[in-house]
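J.: return atomic coordinates for the entry below.
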Amino acid sequence: MTADPNDPMPHPMPMSDVRRGPGRTLLLGGFSLGFALGGFFDGILLHQILQWHHLLSGLADPAFADIGVQVLADGLFHALMYVIAAVGLWQLWRGHRGLAEVGGRRLMGWALVGFGVWHMLDGLMSHWLLGLHRIRMDVENKLFWDLLWFFAFGVAVAAAGWWLGRTGSGHSGGGGLRRAAAPLLLALTAGVAGAVAALPPPGGTATLVLFRPGTAPAEALTALASVDGLTVWSDPSGQLWAIDLPEGGSALDLYRKGALLVSNGVVPAGCLDWFRPAPRPSVSTAL
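T.: All right, here's what the predicted structure looks like:
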């Protein structure tokens with residue numbers, strides 16, 4: 001088959017030709033990014049916009065009934081998707097020299113396969129085996145929605161990606177910018193989805209603030225008062241707090257007062273506080 005030099009997503013070579021080297025790394029990067037995008041899609045749409053469930057909505061233990069705990073679990077879930085997306089971007093960078101042999105169509109196909117695999121894995125593990133949540137917690141026929149999501153966003157999308165990855169043969173030279181269209185689109189989509197997933201849920205849900213180890217409850221309360229935060233809930237250790245901010249209020253100042261992570265922050269800048277030494281007790285305190 002003669003390749004079209006104007007095709008921005010060149011056709012792939014047979015998979016047997018890209019089993020090793022940068023081509024394989026590139027495909028694994030596309031799969032990882034698609035997998036992470038599946039998690040971001042689930043969290044943004046179902047946890048935040050529609051609010052059909054949270055990650056741990058199906059657990060009956062009263063300890064998980066608090067909305068602060070539920071939103072914290074959602075945040076940790078999104079953090080895991082960030083890690084997977086970062087791995088995908090790293091693989092994409094390592095394997096970018098193999099784009100000419102792999103082709104943009106195959107790369108996008110593997111991304112769709114990753115997206116579909118996420119939803120199938122979520123259905124099998126989270127919905128049915130572990131019972132962490134169901135797609136819709138507020139309906140009687142939960143299985144219908146589980147199966148609808150499983151086949152529509154899992155099986156169908158993965159099958160479409162598999163088909164896209166197998167269509168065509170040969171590869172085209174094309175311009176460098178045109179060949180880079182598929183990986184650039186994947187990287188941009190992952191970046192936007194991750195940023196949106198880090199935004200606070202709508203509806204006035206409390207902001208979660210995690211302070212570094214060793215922060216005394218009095219220090220945490222002083223920091224929260226500096227941003228006019230109204231305390232809603234705290235864990236027994238005094239390091240995790242849920243607060244309501246006044247309209248127009250900003251929690252960014254909390255990072256300068258020992259916060260490791262603020263749920264409203266797109267970038268967890270306070271994570272650098274892990275590298276600060278814990279404050280030593282004063283002489284008067286020790287005595």
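J.: and stretch 66-78, what's buried?
T.: Within stretch 66-78, the residues scored as buried using 16 or more other C-beta atoms under 10 Å are 68-75, 77-78. (C-beta placed from N, C-alpha, C; glycine too.)
J.: what's the lowest-pLDDT member of these?
T.: For the buried residues of stretch 66-78, the model is least confident at G68; its pLDDT is 77.
J.: and the gap between that residue and F77?
T.: Distance, G68 to F77, using C-beta to C-beta, to the nearest Å: 15 Å.
J.: just to revisit the earlier point, take the buried residues of stretch 66-78 and keep only those in strands.
T.: When these are checked against strands (DSSP state E), there are no matches.
J.: nearest to T25 among the residues you listed?
T.: Closest approach to T25 among the buried residues of stretch 66-78 (C-beta to C-beta): H78, at 25.4 Å.
J.: quick check: the gap between the closest one and W118.
T.: For H78, the distance to W118 - C-beta to C-beta - is 13 Å.
J.: what do the two both touch?
T.: Common neighbours of H78 and W118, using C-beta atoms under 8 Å, 6 or more residues apart in numbering, are G39.
J.: what sits closest to L132 if chain neighbours are left out?
T.: Nearest residue to L132, sequence neighbours excluded (C-beta to C-beta, 6 or more residues apart in numbering): S126, at 4.5 Å.
J.: would you agree the one you found is in contact with M120?
T.: No - contact criterion C-beta atoms under 8 Å: S126 and M120 do not qualify, at 11.0 Å.
J.: more neighbours, those two?
T.: S126 (21 against 18; other C-beta atoms under 10 Å).
J.: now do the SS call for L28.
T.: Three-state assignment for L28 (DSSP: H, G, I helix; E, B strand; the rest coil): helix.
J.: was I right to think it contacts Q91?
T.: Yes - with contact defined as C-beta under 8 Å, L28 reaches Q91; the gap is 5.1 Å.
J.: narrow the buried residues of stretch 66-78 to those in helices?
T.: Among these, the members found in helices (DSSP state H) are 68-75, 77-78.
J.: I'd like the distance between A220 and G95.
T.: Distance from A220 to G95, by C-beta to C-beta: 45 Å.
J.: again, but for W52
T.: 37 Å.
J.: which one of those two is surrounded by more residues?
T.: Between W52 and G95, G95 has the larger neighbour count (other C-beta under 10 Å), namely 23 against 17.
J.: isn't the more buried one right up against F31?
T.: No - in this structure, G95 is not within contact of F31 by C-beta under 8 Å, at 11.5 Å.
J.: what about S250, which SS state?
T.: Under three-state DSSP, S250 comes out as coil.
J.: so who does it touch?
T.: V227 are the contacts of S250 under C-beta under 8 Å, 6+ apart.
J.: in which helix or strand does the nearest residue to H53 once chain neighbours are set aside reside?
T.: Sequence neighbours aside, H133 is the residue nearest to H53 in space, at 4.3 Å (criterion: C-beta to C-beta, 6+ apart). Using DSSP states H and E, H133 sits within no helix or strand.
J.: now for H133: which residues touch it?
T.: 53-58, 126-127.
J.: closest to A216 among the residues you listed?
T.: Closest to A216 out of those is L56 (29.0 Å), distances taken as C-beta to C-beta.
J.: so how far is G68 from the closest one?
T.: Look at L56 and G68: by C-beta to C-beta, they are 12 Å apart.
J.: assign a three-state SS to L260, would you?
T.: L260 is classified as strand under three-state DSSP.
J.: touching, it and L208? I think so.
T.: No - between L260 and L208 there is no contact under C-beta under 8 Å: 10.9 Å.
J.: who's more crowded, those two?
T.: Neighbour tally, L260 and L208, criterion other C-beta under 10 Å: the higher count belongs to L208, 24 against 21.
J.: that one: which element?
T.: Using DSSP H and E, L208 falls within strand 207-211.
J.: for that strand, packing partners?
T.: In terms of contacts (3 or more C-beta pairs under 8 Å, 6 or more residues apart in numbering; DSSP states H and E), strand 207-211 is packed against helix 67-94, helix 217-226, strand 240-244, strand 259-262.
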